[in-house]
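Chemist: 3D, please:
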Amino acid sequence: MKRYTIVIALLISILSACSQPKAEAEKVETEADKPTTEANTIKRFGSVTGLKTNKLDYYKKLHAAAWPAVLKKIKECNIRNYSIYLQKIDTSYYLFSYFEYTGKDFTADMKKMAADPNTQKWWKETDPCQQPLPETAAKGEIWTNMEEVFHTD
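Modeler: This next block holds a predicted model:
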């Protein structure tokens, strides 16, 4: 448990530029499906997962030549400024993802992405590389959503 606390603390300190107060972070999660206003058209998302050491090179190779159809689908689903960062802590590797959502119906866009055959094939390549945090693995998921604690433009 201590390792995961250190991982989260490190990621938050490294990427503190994409955070906001806890009450706002909870609002983002609950309002993600509501229509956005002109003043609030971008919602920021950060998440973390582990990366299997023996899959490190393959994961980097995949992302160095990401499939055009997958990149197109990401844009079609209103995701912009998508980044994945890698950090080694002790002997383990962790991935931090960040993206901005500009659409009006997050749930519908994520279902659209998940239904895409090219995206499904991509996930069949990337998912086995990842090592979810225990609480996320218990839910059958891979990426753990992170709380945004600060943000500034």
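
Chemist: Now the terminal residues of stretch 50-60, how far apart.
Modeler: One end of stretch 50-60 sits 14 Å from the other (CA to CA, to the nearest Å).

Chemist: List the buried residues of it.
Modeler: Residues Gly50, Leu51, Lys55, Tyr59 are the ones in stretch 50-60 that count as buried (16 or more other CB atoms under 10 Å). Where C-beta positions appear, they are placed from N, C-alpha and C, glycine not excepted.

Chemist: Just the ones of those residues in strands?
Modeler: Residues of the buried residues of stretch 50-60 located in strands (DSSP state E): Gly50, Leu51.

Chemist: Lys121: which of the buried residues of stretch 50-60 is nearest?
Modeler: Tyr59 (15.5 Å; CB to CB).

Chemist: Leaving out chain neighbours, which residue sits closest to that closest one?
Modeler: Cys129 (4.4 Å; CB to CB, 6 or more residues apart in numbering).

Chemist: which ones are touching the one you found?
Modeler: Counting by CB atoms under 8 Å, 6 or more residues apart in numbering, Cys129 makes contact with Leu51, Lys52, Lys55, Tyr58, Tyr59, Leu62.

Chemist: ok, and what's touching the helix or strand where Lys75 lies?
Modeler: Using DSSP states H and E, Lys75 sits within helix 68-76. For helix 68-76, the external contacting residues (CB under 8 Å, 6+ apart) are Tyr82, Lys112, Met113, Asp116, Asn118, Thr119, Trp122.
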